[in-house]
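Just to be clear, the model below is a prediction. Sequence and coordinates:
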Number of protein chains: 4
Amino acid sequence: MSRKSKRSLKEKFSLKNSLVKEALSEFLGTFILIALGCGCVGQAVLSRGEHGGPMTVSVGFAMAVTIAVYVSGGVSGGHINPAVSLAMCVTGRLKWTKLPIYILAQLLGAFIGAAAVFGIYYNAFMEYSDGKLEVTGPNATAQIFATYPAPYLSLINGFADQVMSTAVLLLAIFAIFDTKNNSVPKGLEPIAIGLLIIVLTCSLGMNSGCAMNPARDLGPRLFTAIAGWGMEVFTAGNNWWWIPIVAPLLGGVLGAMIYIIFIEIHHSDTQSGEENEVHTKYELTNMA
Amino acid sequence: MSRKSKRSLKEKFSLKNSLVKEALSEFLGTFILIALGCGCVGQAVLSRGEHGGPMTVSVGFAMAVTIAVYVSGGVSGGHINPAVSLAMCVTGRLKWTKLPIYILAQLLGAFIGAAAVFGIYYNAFMEYSDGKLEVTGPNATAQIFATYPAPYLSLINGFADQVMSTAVLLLAIFAIFDTKNNSVPKGLEPIAIGLLIIVLTCSLGMNSGCAMNPARDLGPRLFTAIAGWGMEVFTAGNNWWWIPIVAPLLGGVLGAMIYIIFIEIHHSDTQSGEENEVHTKYELTNMA
Amino acid sequence: MSRKSKRSLKEKFSLKNSLVKEALSEFLGTFILIALGCGCVGQAVLSRGEHGGPMTVSVGFAMAVTIAVYVSGGVSGGHINPAVSLAMCVTGRLKWTKLPIYILAQLLGAFIGAAAVFGIYYNAFMEYSDGKLEVTGPNATAQIFATYPAPYLSLINGFADQVMSTAVLLLAIFAIFDTKNNSVPKGLEPIAIGLLIIVLTCSLGMNSGCAMNPARDLGPRLFTAIAGWGMEVFTAGNNWWWIPIVAPLLGGVLGAMIYIIFIEIHHSDTQSGEENEVHTKYELTNMA
Amino acid sequence: MSRKSKRSLKEKFSLKNSLVKEALSEFLGTFILIALGCGCVGQAVLSRGEHGGPMTVSVGFAMAVTIAVYVSGGVSGGHINPAVSLAMCVTGRLKWTKLPIYILAQLLGAFIGAAAVFGIYYNAFMEYSDGKLEVTGPNATAQIFATYPAPYLSLINGFADQVMSTAVLLLAIFAIFDTKNNSVPKGLEPIAIGLLIIVLTCSLGMNSGCAMNPARDLGPRLFTAIAGWGMEVFTAGNNWWWIPIVAPLLGGVLGAMIYIIFIEIHHSDTQSGEENEVHTKYELTNMA
């Protein structure tokens, strides 16, 4: 397409309304997150470990987050997670009026992302269990999409698990973006967030798969309910489904608060990130 | 060699024609990609899993892409993939007249890269299957070079798989280089592309090995046809060979279009990357 | 919370005393380190290898260090390790009067971090060994928290192991922050330190788990002594407990000294990092 | 130590002779490389795979290179490899008179590094094979230190393997540092080199362990000859020992030449890296 026709396309279709732009961005970002992230779980499960395992799932899902944040970071902040958006509202970093639209776009993106995983691996799903789509048992495949608790896990322990892991997620995200702390250089934050997801899934992933994201969990769960796994996706694990929705929202706000109380509130107003840097470097290298 | 003799060498041999330079660059980049990338698959297959597995292949192939882009990025853009070059043409980022040369150089580089893998592991190939070079069965080695579908995969599902994975590849590449989005700092894009390849191979690699690149697939396949595996490399998998050629070309353009429609076209003209950055940082850190 | 109420909160609670700020920062950083780091060991042990192994523990623990340094780096230097703080004091990079407070905050953070791991995996601990918390034997879980020597290891070899690994740790940290060497760009040091931890745990982790950090070892050990594993956590391994305290303190100072003697002391005073860079680049690229 | 006493120490001991500084730097860098790199192989072998495998060895060795280059990069260029130093001489980037000193320092560092691995794992070596230090057979441990060919490998194929892998190593290093190409930002080159080592060991590591470095191979081999493995370390593998010395020296020069001929010689003289960047960015983002 020529540069001229492109320009006229731009005139016709480019959006003036920034909220609509941001919704498109969150939708696309969350789609990428689920299509690639749940794709990693799918590859490990459907190949019965031959083409994947704990390491490919942990690193793969983390890099799915990284790519999703690169895609959506500049336009909408790359939240791709209602728990992040809520924490941003509570701490005054996002307007409350935008919250419902962000969450809706995220849920929709996650739902469509789950459909993409099912479509791309349709033949593999049919082969895996002779066409039966099961939520529990040795041929279960529902855990490719949404999270389910380990057999030993009580609801209260599972709730605490999701509160804590999402709290650490938000606490670290606030540190990564805090320019008065040792923040990550502009344009590399998505990679730092990916490294954060690696450690979270390696350390807090065993209880219930470490959802930490209501859209990442509910969107694909809704898809499986419709696509053939049935309502058992909601009843399984002692009605587990609501925990990866409520606990991350709580935990995210908690983590943001902890970061502000322990670190951010004490930054001196006059001390810019620049000065802080000089000071730190001085302490570390020049006092010798 | 002295600095003087070097300079005169430069006067004699340095190329004035930028298209020839770019062809050399794409040739060398794609050679590196295949020599190292297919080398990773070779090491895992020929050692029967002792010196490699899903993780070394995924991470190794990804870092092969990273290195190949470092080698060829500055001169020719580091496409090393006809699907990337085509998407660049369609979106006006590369002149159409350059396309055939780029593709030819990529194919040639991939062919020679495959020959290098065969040469370096010649003793290992002979040891592995008593000198028989097989396309299918337990001692198959053709999949070290080109991709073949899993037994369960239908042609239509395989086609969709290659369209989608290449679409995500190009969509993410466009995001990584979009200076009005949260783009990767100059000189680190090849590493971000490597991380992208990690997640793509961990999530969409099970159906058919995730070629996403006509040169990466056809070049080595042609080599195996000639080097002793025979014409079965084309007939295997229900004549699979044309899918990793046609589907990625389509998918790449599709992914580029999706990125433009969802994100790029809505960037306001006056809003520079610089301003955008300030705005984002403000929202994230100063509104509190 | 509105921007106004936030500001008044800041007025009420923000700390003027920089040592208290730094203590909070070290506490939070070390908490993150242990909660996530020991969480990785917990996931690998409690799942009996199903959800983790050497690679997830090595990479996960390393990324826990990275995140902990991002959280605490800007305010307190991100030591999260008494051996680092001591080496900084000995080399004149931290005031001696701050040392006891730093160490206390680190120990406390590690203790609470261990409690968090126990809490989050409480159901898993109970399931793993029918409620018995054992220090040795096939169902041992104490090694999730503190380090214990391999059966073959003598005390003297173990002591040397901890001296050497902490010496390399500090030597490399000094290189990473030395602006007259090829130092890591500002804001990316925590990632370089994470990569350093990966290689240290992959190469020197077999003898005793590579603690290299008195707080990381003693804090969780104290927690296990109280939480039900009993005093055997101190007597096990021929009273091993004091080695990961004394040896790292010694090794850290040794490593810092080696770096200063081999590299830092020879930097010419007039040669700034800037000039050095130009010089290096010249040698590498322009003399050709 | 006070700042004043430090300064006087500096006056007494700081070296004026830059070649001595550089030798110290190469010695320390190569020591780190071998102590940590061969330590990774040691951990995987001595634990019989329980604490390591192909992935920890590949990633661990690569990060050992990264750390070694951070330690020695600013002072001596961080060659830590005679094949790199030779290629730098041949292409006019290092004075020929410095070459023997560089190589000697590298050899010595590698020798002492091997001794450190033996010392730290002394108890483990004794436990592993009841005190017998064997070069071949199921309890062999010599391959922890130097490289040995796979049983199937002919000398000629092994020679080609080492020529090619070192050629790719140098070719990529030249690209990473070429400021007129898409070079890695200052201070991050050691990480890019680490990623390069990951792919080289994952793809070309099966034939003979991918030494690519005469000092890395000969230094530890000499140590094992003396420390108890005996002269079999030289005769094993059909007198393999000289191949990882001669072939990398040749391959390194070859790779550097290929990069210069294919890429560097064609950079236009007036086109600075800066302009090149603008041009590339324009092609990639503004022509649309």
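Received the coordinates, thanks.

Spatially nearest residue to A:Ala192, not counting backbone neighbours?
If you skip the residues right next to it in sequence, A:Ala192 has A:Val184 as its closest partner in space, 4.5 Å away by Cβ to Cβ, 6 or more residues apart in numbering or on different chains. The way it works is simple: take the backbone N, C-alpha and C, and place the C-beta from them, glycine included.

and the gap between the one you found and A:Leu200?
Counting by Cβ to Cβ, to the nearest Å, the gap from A:Val184 to A:Leu200 is 17 Å.

Look at these two and report which has more neighbours.
In terms of neighbours (other Cβ atoms under 10 Å in any protein chain shown), A:Leu200 is the more surrounded of A:Val184 and A:Leu200; the figures are 27 against 23.

which residues sit in contact with the more buried one?
With contacts defined as Cβ atoms under 8 Å, 6 or more residues apart in numbering or on different chains, A:Leu200 is in contact with A:Ser165, A:Val168, A:Leu169, A:Cys210, A:Met212, C:Leu36.

what number of residues lie near the closest residue to chain D within the stretch 51-200 of chain A?
Each residue of the stretch 51-200 of chain A has a distance to chain D, by Cβ to the nearest Cβ, and the smallest belongs to A:Met55, at 7.5 Å. A:Met55 is flanked by 24 other residues according to other Cβ under 10 Å.

now the helix or strand hosting it and helix D:54-76, what's the angle there?
For A:Met55, the enclosing helix or strand under DSSP states H and E is helix A:54-76. With axes from the mean of the first three to the mean of the last three Cα atoms, to 10 degrees as the basis, helix A:54-76 and helix D:54-76 are set at 60 degrees to each other.

Now the next helix-or-strand element following helix A:54-76 - C-alpha only, CSV.
Sequence-wise, the next helix or strand downstream of helix A:54-76 (DSSP H and E) is helix A:82-90. Included here for helix A:82-90 are C-alpha records, laid out as CSV according to Å, rounded to 0.1, in the frame of the first residue of the first chain:
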residue,chain,number,x,y,z
PRO,A,82,-7.5,-6.0,36.3
ALA,A,83,-5.5,-6.4,39.6
VAL,A,84,-2.9,-4.0,38.1
SER,A,85,-5.6,-1.6,36.8
LEU,A,86,-7.4,-1.5,40.2
ALA,A,87,-4.1,-0.9,42.1
MET,A,88,-3.3,2.0,39.6
CYS,A,89,-6.8,3.5,40.4
VAL,A,90,-6.5,3.2,44.1
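
Please enumerate the helices of chain A.
Along chain A, the stretches classed as helices by DSSP state H are A:3-13, A:18-46, A:54-76, A:82-90, A:99-120, A:122-128, A:155-177, A:189-203, A:214-224, A:232-239, A:243-262, A:273-281.

Just send the ones you listed back as a markdown table, with mean pLDDT and distance to C:Tyr259 too.
Supplementary listing: the helices of chain A in a markdown table, determined by pLDDT from 0 to 100; distance: least, Cβ to Cβ, whole Å:
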| stretch | mean pLDDT | distance to C:Tyr259 |
| --- | --- | --- |
| helix A:3-13 | 61 | 55 |
| helix A:18-46 | 97 | 40 |
| helix A:54-76 | 97 | 32 |
| helix A:82-90 | 98 | 40 |
| helix A:99-120 | 98 | 47 |
| helix A:122-128 | 96 | 53 |
| helix A:155-177 | 97 | 28 |
| helix A:189-203 | 98 | 26 |
| helix A:214-224 | 98 | 44 |
| helix A:232-239 | 97 | 52 |
| helix A:243-262 | 97 | 32 |
| helix A:273-281 | 39 | 17 |
